[in-house]
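S.K.: Pasting the sequence and the predicted coordinates here, then a few questions.
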Amino acid sequence: MTFAIQAEHVTFGYSPDKPVLEDISFPVRAGTFLAVAGPNGAGKSTLLNILAGFLKPQSGEVLLEGVSLRARKVQDVARRIAVVRQEFIPVFGFSVAETVLMARTPYFGRLGFESKADRELAASALDLTDTARFASRPLGSLSAGERQRVFIARALAQDTPILLLDEPTSFLDLRHQVGIYDLLKAAQLEKGKTIVAVTHDINLAVQYCDEALLLGMDGSCRHGRAADVLSAEQIRSIFNVEVFAGRIGQENFLLPLGKLAKDSGQISTGPDSKQS
Amino acid sequence: MQPTLSPRTLLIRIITAGAFLVLVMLLCSLVGPQAISWKAVMHGPAGPADANPDYEIFVHFRVPRILLAALVGAALAGAGVVFQALLRNPLADPYILGISSGAGLGAMVAVVSGLSWTLWGRSPIAVFAFAGAVGTVWLVWGIGRFAGKYHVTGLLLAGVVVNAFFSALIMFLASVAKTEQLYATMFWLMGNMLEEDFLVLWVGGGCVTAGIVGLFFLSPKLNVISVGYDDARSVGVCVERIELAAFAISAFITAVAVSLSGLIGFVGLIIPHAVRLVFGPDHRQLLPLSSLGGAMFLVVADTVARMVVAPAQLPVGVITALVGGPFFLILLIRYSRKVYWLT
């Protein structure tokens, strides 16, 4: 069994006395789809930045295909990991096509121009993410969701075995949320990509991901099968919120309900919930 | 998928702009307070018996000055493009990290101390200005690095504060300087072209051309760096190394330009924007076209500066904003509809 990424005893804090992540260890097997969930401030994005090599853990280390990230060069990491950060508008008005082609920068020829193969990779990434129709428009003229898909297209054009995504569906409408997860799942199943996605959407994560990592505010960390980690009890205790649990086919779904929600009385009768 | 910028298109545009620059330089070399005829110039140097004043004026006054304007304009506009990309800030210009005040302080010190030696035919003003520019920019870069690797704001703030501090020193020196010393530095601080030796022009032109060609090879990476630090890393660009190289080259060519012509403003800020408005933000194209555009612009501005109050001359720095401001505003209105960051 080969591991794409292994986090080993990773500890990180922005101030020395208050670690965000404490002694976190988990493996990501090659070809799996891992969801990272947890409350705001639990360190999900921080963890993603550590896995991508942007932040160095204060202790412990991250192994990328068995070799420590510390020992790997930037280009070396970029050939294996593509990162989709939360969407933003770059300062200068690059077009969608220009942005996606940037993923190929390290492979450009000596004069700094892309090859035909680079263009084909970019074109297929645009098609896959349904962004080809606004390829020539500047990023700033797109909606946040469209921009998010462009950044996903750029990551796909990078053509790496591993994809790290920070809330890839945060600005997307329902159709595109499902579209992006279908796209990621297809990349996993057909091309054997390893995917790590930070997400707040527990239900999509359960439907699409094989494994899940649930970070708590107390520095706790649970890792395992998505359906086990993202169970109603775990979500209740980690997020401190009541959820209604139901079952569709083979997976559960969870609906968070606050005190004043119309159906909040239904929570205790949900199929998966224990009597409290 | 259509290429966003093909090498062929770029080459055609560069050649067209280059040809245009040569044309502008030729036309401007025939314009001046003293009318000269192209026919007489083509006669070449006269024998000792009958003088050919048209040729003398052309070769010893017009050509060196126009070459100087072109090389300073190219350096400032090219460096402006790179500073805007590295700092991810459309308001950046080559002077933003303290080059201007460092050079100004150097020039002021040279004038006030009354040195009179020369190096390569250069007055101490140029030498001190160059040293001041390079020293200051390294100081600012060092402080910025120390303040935070990932935040350009630290670097920008360091530049602003050092600029303010050195400007205060310049004003202090100005207030204790003698009147005629003050007059000499006033022209320098406003940006002024003088006829230069060909040796100086060759050395300066060589440095600037080599610098811009070097920057061109970094330009695909500047595209990604201008999007973001982490973005550039995640696609596999060694940001630190590229940043350092691009920064060192553009600071160097700016220092060369400043030491030759004083503080000419506006070119390094506005020409990159004008070219970006018309041709888009791709640095592979933006850098060469801005350099050529900056050269053209400064040649024209300097010709105007030679003409308006002839036979006296204005500092070219006065003209750049006077001519360039309205020109840029016309571009802005004409093209702003297709550029999102203005909406």
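M.R.: Okay, I see it.

S.K.: pLDDT below threshold where in chain B?
M.R.: For chain B, the stretches with pLDDT under 70 are B:46-50, B:115-122, B:148-150, B:336-343.

S.K.: Look at residue B:89 and give its secondary structure.
M.R.: Using DSSP: H, G, I helix; E, B strand; the rest coil, the structure places residue B:89 in coil.

S.K.: Where do the strands of the stretch 151-276 of chain A begin and end?
M.R.: For the stretch 151-276 of chain A, the strands defined by DSSP state E, counting those that start in this stretch cover A:162-166, A:194-198, A:211-215, A:221-225, A:243-247, A:252-256.

S.K.: now the ones you listed in a markdown table, with mean neighbour count, distance to residue B:335 and mean pLDDT?
M.R.: The C-beta positions use only the backbone N, C-alpha and C, and glycine is treated the same way. Formatted as a markdown table, the strands of the stretch 151-276 of chain A follow (neighbours: other Cβ atoms under 10 Å in any protein chain shown; distance: least, Cβ to Cβ, whole Å; pLDDT from 0 to 100):
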| stretch | mean neighbour count | distance to residue B:335 | mean pLDDT |
| --- | --- | --- | --- |
| strand A:162-166 | 23 | 35 | 95 |
| strand A:194-198 | 25 | 39 | 96 |
| strand A:211-215 | 25 | 48 | 95 |
| strand A:221-225 | 17 | 52 | 92 |
| strand A:243-247 | 18 | 53 | 88 |
| strand A:252-256 | 18 | 49 | 89 |
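
S.K.: which one of those lies closest to chain B?
M.R.: Closest approach to chain B among the strands of the stretch 151-276 of chain A (Cβ to the nearest Cβ): strand A:162-166, 8.6 Å.

S.K.: Parallel or antiparallel, which strands does the closest one pair with?
M.R.: strand A:81-84 (parallel), strand A:194-198 (parallel) (DSSP bridges).

S.K.: How about residues contacting the longest one?
M.R.: If I follow you right, that is strand A:194-198. Applying Cβ atoms under 8 Å, 6 or more residues apart in numbering or on different chains, the contact partners of strand A:194-198 are A:4-5, A:28-37, A:44-45, A:47-48, A:51, A:161-168, A:184, A:187-188, A:205, A:209.

S.K.: How many neighbouring residues does the closest residue to chain B within the stretch 51-200 of chain A have?
M.R.: As assessed by Cβ to the nearest Cβ, chain B sits closest to residue A:78 within the stretch 51-200 of chain A, at 2.8 Å. When neighbours are defined as other Cβ atoms under 10 Å in any protein chain shown, residue A:78 has 25 of them.

S.K.: Please apply the same query to residue B:26.
M.R.: 11.

S.K.: Run through the neighbouring helices and strands of the helix or strand hosting it.
M.R.: For residue B:26, the enclosing helix or strand under DSSP states H and E is helix B:7-30. Under the contact definition 3 or more Cβ pairs under 8 Å, 6 or more residues apart in numbering or on different chains; DSSP states H and E, helix B:7-30 sits against helix B:63-86, helix B:283-307.

S.K.: Please produce CSV containing those, extended by mean neighbour count.
M.R.: Listed next are these as CSV, based on neighbours: other Cβ atoms under 10 Å in any protein chain shown:
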stretch, mean neighbour count
helix B:63-86, 28
helix B:283-307, 26
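
S.K.: among those, which is nearest chain A?
M.R.: helix B:283-307 (5.5 Å).

S.K.: That closest one versus helix B:63-86: what angle between them?
M.R.: Helix B:283-307 and helix B:63-86 are oriented at 140 degrees to each other (axes from the mean of the first three to the mean of the last three Cα atoms, to 10 degrees).

S.K.: Could you check the following helix or strand past helix B:283-307 against chain A for contacts?
M.R.: On the C-terminal side of helix B:283-307, the closest following helix or strand by DSSP H and E is helix B:316-335. No. Helix B:316-335 lies out of reach of chain A by Cβ under 8 Å from any Cβ of the partner chain, never closer than 11.0 Å.

S.K.: Report the buried residues of helix B:316-335.
M.R.: Neighbour-count burial for helix B:316-335, counted by 16 or more other Cβ atoms under 10 Å in any protein chain shown, picks out B:316-324, B:328, B:331.

S.K.: next one: stretch B:107-114
M.R.: B:107-112.

S.K.: can you dump the C-alpha coordinates of that stretch into PDB?
M.R.: The C-alpha coordinates for stretch B:107-114 follow below in PDB (Å, rounded to 0.1, in the frame of the first residue of the first chain):
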ATOM      1  CA  ALA B 107      23.200  64.000  -5.500                       C
ATOM      2  CA  MET B 108      22.600  66.500  -2.700                       C
ATOM      3  CA  VAL B 109      25.600  65.300  -0.700                       C
ATOM      4  CA  ALA B 110      27.800  65.500  -3.800                       C
ATOM      5  CA  VAL B 111      26.700  69.100  -4.500                       C
ATOM      6  CA  VAL B 112      26.900  70.400  -1.000                       C
ATOM      7  CA  SER B 113      30.300  68.900  -0.300                       C
ATOM      8  CA  GLY B 114      31.500  70.600  -3.500                       C
END
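
S.K.: gap between it and the chain center?
M.R.: 23 Å (Cα atoms, centre = their mean, to the nearest Å).

S.K.: Give me the neighbour count for residue 218.
M.R.: This is for chain A. For residue A:218, using other Cβ under 10 Å, the count is 9.

S.K.: I was after chain B.
M.R.: By other Cβ under 10 Å, neighbour count at residue B:218 equals 24.

S.K.: Look up how far residue B:99 lies from residue B:273.
M.R.: In this view, residue B:273 and residue B:99 are 19 Å apart by Cβ to Cβ, to the nearest Å.

S.K.: ok, back up a step: quickly name whichever of the buried residues of helix B:316-335 is closest to chain A.
M.R.: Among the buried residues of helix B:316-335, residue B:331 lies closest to chain A (Cβ to the nearest Cβ), at 14.8 Å.

S.K.: check contacts around the closest one.
M.R.: B:274, B:277-278.

S.K.: Compare residue B:273 and residue B:99 and say which one has the larger neighbour count.
M.R.: Neighbour count, other Cβ under 10 Å: between residue B:273 and residue B:99, residue B:99 has more, with 30 against 19.

S.K.: Tell me who's in contact with the closest residue to that one other than its chain neighbours.
M.R.: Distances taken as Cβ to Cβ, 6 or more residues apart in numbering or on different chains put residue B:133 closest to residue B:99, at 4.6 Å, once the chain neighbours are dropped. Residue B:133 is in contact with B:99-100, B:102-103, B:106, B:251, B:254-255, B:258-259, counting by Cβ under 8 Å, 6+ apart.

S.K.: Point me to the residue of chain B nearest chain A.
M.R.: Closest point on chain B to chain A, by Cβ to the nearest Cβ, is residue B:236, at 2.8 Å.

S.K.: From what I see, that residue and residue A:77 are in contact.
M.R.: Yes. If you go by Cβ atoms under 8 Å, residue B:236 and residue A:77 touch, sitting 7.4 Å apart.

S.K.: higher neighbour count, the two?
M.R.: Neighbours were counted for residue B:236 and for residue A:77 using other Cβ under 10 Å; residue B:236 has more, 25 against 20.

S.K.: distance of that one from residue B:315?
M.R.: From residue B:236 over to residue B:315 the distance is 46 Å, taken as Cβ to Cβ.

S.K.: Also residue A:221?
M.R.: In terms of Cβ to Cβ, residue A:221 sits 66 Å off from residue B:315.

S.K.: One more: residue A:51?
M.R.: Taken as Cβ to Cβ, the span from residue A:51 to residue B:315 is 56 Å.

S.K.: Are we agreed that residue A:34 is in a helix?
M.R.: No. Secondary structure assignment (three-state DSSP) places residue A:34 in strand, not in a helix.

S.K.: Understood, closing this out.
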